[in-house]
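> Give me a model of this one.
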Amino acid sequence: MDMKHVAERGLVLLGCGKMGSAMLEGWLAGGLPANSVWVQDPSPSDWVKGSGVNVNETLPAKPAIVLVAVKPQVMAEALPVLEPMGNGETLFISVAAGIGCATYEDMLGSDTPIIRAMPNTPAAVGRGITAIIGNARASADMLDLAESLLKAVGQVVRLESESQMDAVTGVSGSGPAYVFHMIECMAAAGEAQGLAPDLAMALAKATVAGAGALAEAADETPAQLRVNVTSPNGTTQAGLEVLMNAETGLPPLIRKTVAAAADRSRELANG
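The predicted model follows:
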């Protein structure tokens with residue numbers, strides 16, 4: 001199964017909010033013909049309606065792929081329409097948080113090939129990272145195809161077991177919100193030291209974005225990059241002595257933060 005196969009048999013996108021639209025934009029830019037895509041969404045954006053894809057029209061009987069991008073709350077009413085496509089050659093890829101492969105197998109049939117994916121919100125600007133795992137029916141070719149589709153919005157990593165998805169949720173799924181809050185805190189701290197609010201926010205945003213870009217681009221580890229900017233007895237060291245405190249600093253706080261999100265992911269998965 002490859003992109004030519006997808007173009008011939010069709011791709012169904014169930015739900016086209018921010019995440020679905022970002023993926024669709026990437027696929028169309030990558031050469032997937034618009035007329036081979038079917039979008040099902042109750043309130044499609046003007047961009048989607050003008051993109052040339054089939055919007056809320058009769059679906060092909062056996063598409064190559066159904067990508068499920070609706071919110072988990074509306075899954076129960078959205079999926080039954082697709083049940084006839086289960087137990088066949090149609091690959092289902094889900095980017096809906098907290099819904100396991102077993103739930104899809106119950107709804108669609110146990111012989112349905114299913115790949116579960118966890119993207120994150122930087123996908124909206126092509127800088128996401130998505131973790132994927134397939135059920136027993138998802139072949140190596142199908143995983144390769146899912147990876148190539150999801151690369152439209154950023155990096156893709158593969159998990160060894162579905163149980164790791166809760167940890168992924170705690171780190172990269174929820175993680176952008178942690179970083180956004182760090183930007184808020186840095187800006188507020190800058191204000192407390194006498195900077196104007198707009199200036200403090202501009203410095204905080206650019207610093208976090210720039211440090212992230214440097215961490216991805218550099219050959220050194222983040223630990224080494226940290227050492228590189230830490231002069232003995234200098235200003236950075238003074239700040240890091242507070243931040244890196246093993247009892248009151250960032251290490252225990254981030255451990256508790258990620259654990260709380262991962263625990264909540266497990267609770268939601270177990271109903």
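> For the protein, name the helix or strand with the lowest mean pLDDT.
In the chain, no helix or strand scores lower on mean pLDDT, DSSP states H and E than helix 75-78, which sits at a mean of 77.
> And the contacts of that helix?
Contacts with helix 75-78, where a contact means Cβ atoms under 8 Å, 6 or more residues apart in numbering, come from 14, 15, 40, 68, 70, 96, 99. C-beta coordinates here come from the backbone N, C-alpha and C atoms, glycine included.
> Name the SS class of the last one, please.
If I follow you right, that is residue 99. In three-state terms, and counting by DSSP: H, G, I helix; E, B strand; the rest coil, residue 99 is coil.
> Dihedrals phi and psi, it?
phi -110, psi 120 (degrees, to the nearest 10).
> Over to the fourth one?
When read as degrees, to the nearest 10, the backbone of residue 68 gives phi -90, psi 110.
> Provide a list of residues in contact with it.
14, 15, 75, 78, 79, 92, 93, 94, 95, 96.
> Buried residues of stretch 74-91, list them for me.
75, 78, 79, 82, 85, 86, 90, 91 (16 or more other Cβ atoms under 10 Å).
> Export the residues you listed as TSV, with columns for distance to residue 142.
Output for the buried residues of stretch 74-91, formatted as TSV (distance: Cβ to Cβ, whole Å):
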residue	distance to residue 142
75	21
78	22
79	19
82	17
85	15
86	15
90	11
91	5
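> how close does the residue most central in space within the chain get to residue 199?
For the chain, the residue sitting closest to the mean C-alpha position, by Cα atoms, centre = their mean, is residue 119 at 1.1 Å. According to Cβ to Cβ, to the nearest Å, residue 119 stands 33 Å off from residue 199.
> which residues are in contact with stretch 241-254?
In contact with stretch 241-254 (Cβ under 8 Å, 6+ apart) are residues residue 178.
> Alpha carbons only: can I get the helix or strand residue 149 falls within in PDB?
Taking DSSP states H and E as the criterion, residue 149 maps to helix 140-150. The C-alpha trace of helix 140-150 is given here as PDB (Å, rounded to 0.1, in the frame of the first residue of the first chain):
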ATOM      1  CA  ALA A 140       4.500  -3.100   8.100                       C
ATOM      2  CA  ASP A 141       3.500  -1.400   4.800                       C
ATOM      3  CA  MET A 142       0.500   0.200   6.500                       C
ATOM      4  CA  LEU A 143       2.700   1.600   9.300                       C
ATOM      5  CA  ASP A 144       5.100   3.000   6.600                       C
ATOM      6  CA  LEU A 145       2.100   4.600   4.900                       C
ATOM      7  CA  ALA A 146       0.700   6.100   8.100                       C
ATOM      8  CA  GLU A 147       4.200   7.500   8.900                       C
ATOM      9  CA  SER A 148       4.400   9.100   5.400                       C
ATOM     10  CA  LEU A 149       1.000  10.700   5.800                       C
ATOM     11  CA  LEU A 150       1.700  12.000   9.300                       C
END
